[in-house]
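Engineer: The following block contains a protein sequence and its predicted model.
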Amino acid sequence: MTPAIIFATRNAHKLQEVRSILAREIPELNTDMIGSAAQLGLAEPVEDGLTFEQNAAIKAHQIADALGIPAFADDSGLCVDVLGGAPGIFSARWCGCHGDDRANLDVLLGQLADIAPQHRQAHFSCAAVLAVPGQPDHVQIGHIYGVLRREPAGYAGFGYDPIFQPEGYQITLAQMAPEQKNLISHRHQAFAALAPAMARVIAQLT
């Protein structure tokens with residue numbers, strides 16, 4: 001099936017996660033309708049926004065404006081209270097290069113090495129943006145709150161999941177089954193809220 005709407009990501013883990021979330025929120029959705037930016041051969045967009053929402057819009061509009069088709073994107077990151085909200089929009093490149101999950105995690109753990117457990121609060125934020133040519137953007141925001149472990153635990157998920165323990169749980173996101181994580185994650189909150197707008201757009205395409 002030719003994709004009818006493009007998710008502006010090159011991250012296969014994120015593509016799988018978002019397809020799963022949307023399939024639950026839009027029961028009639030055929031997830032094969034959702035393609036990814038990795039299929040298009042476009043250059044990586046310059047994410048020079050100052051907020052998650054701005055960077056998500058940059059990614060979605062690179063595709064929607066260039067190809068004239070609906071596209072959606074998210075931008076998300078970890079915000080640590082004691083670091084004043086950092087890494088924030090720099091979460092994916094906190095170690096100095098983009099996309100090295102283990103290096104990013106190690107740098108953050110080093111920075112927090114002397115921080116006591118009661119001061120290790122953090123949250124993930126996600127901005128999801130749907131860009132449809134000729135229409136205003138649809139934007140939704142999601143959050144999940146918790147604390148940061150001193151050592152990684154678990155092998156599922158990606159990014160900072162191995163050190164993030166959500167409120168009300170005794171395990172990290174990386175120790176959860178994908179189905180469990182996808183019910184509580186910041187990305188789920190944002191895309192569940194965006195799903196009605198996406199369902200309307202997809203219905204117009206089929």
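Structural biologist: Yep, that arrived. Numbering: from 1, shown residues only.

Engineer: CA only for contacts and neighbour counts going forward, please
Structural biologist: Will do.

Engineer: give the contact list for residue 60.
Structural biologist: Each residue near residue 60 by C-alpha atoms under 8 Å, 6 or more residues apart in numbering is listed here: 7, 8, 71, 72, 73, 129, 130, 131.

Engineer: rerun at 7 Å
Structural biologist: With contacts defined as C-alpha atoms under 7 Å, 6 or more residues apart in numbering, the neighbours of residue 60 are 8, 71, 72, 73, 129, 130, 131.

Engineer: And for residue 44?
Structural biologist: Contacts of residue 44 (C-alpha under 7 Å, 6+ apart): none.

Engineer: sorry, back to before: so which of the contacts of residue 60 belong to helices?
Structural biologist: Counting by DSSP state H, the contacts of residue 60 place none of their members in helices.

Engineer: Which among those residues count as buried?
Structural biologist: Using 16 or more other C-alpha atoms under 10 Å as the burial test, those include 8, 71, 72, 73, 129, 130, 131 as buried.

Engineer: can you list those residues in a markdown table and add pLDDT?
Structural biologist: Output for these, formatted as a markdown table (pLDDT from 0 to 100):
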| residue | pLDDT |
| --- | --- |
| 8 | 94 |
| 71 | 95 |
| 72 | 96 |
| 73 | 96 |
| 129 | 98 |
| 130 | 98 |
| 131 | 97 |
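
Engineer: pretty sure residue 10 is touching residue 38, no?
Structural biologist: Yes. Under the criterion of C-alpha atoms under 7 Å, residue 10 makes contact with residue 38 at 4.9 Å.

Engineer: what mean pLDDT does stretch 31-38 have?
Structural biologist: Stretch 31-38 shows a mean pLDDT of 88.

Engineer: Other residues contacting it?
Structural biologist: 1, 2, 3, 4, 5, 6, 7, 8, 9, 10, 19, 23.

Engineer: Read off the pLDDT value for the fourth one.
Structural biologist: The predicted local confidence for residue 4 comes out at a pLDDT of 82.

Engineer: residues contacting it?
Structural biologist: Contacts of residue 4 (C-alpha under 7 Å, 6+ apart): 33, 34, 205.

Engineer: Since that was my last question, I'll sign off now.
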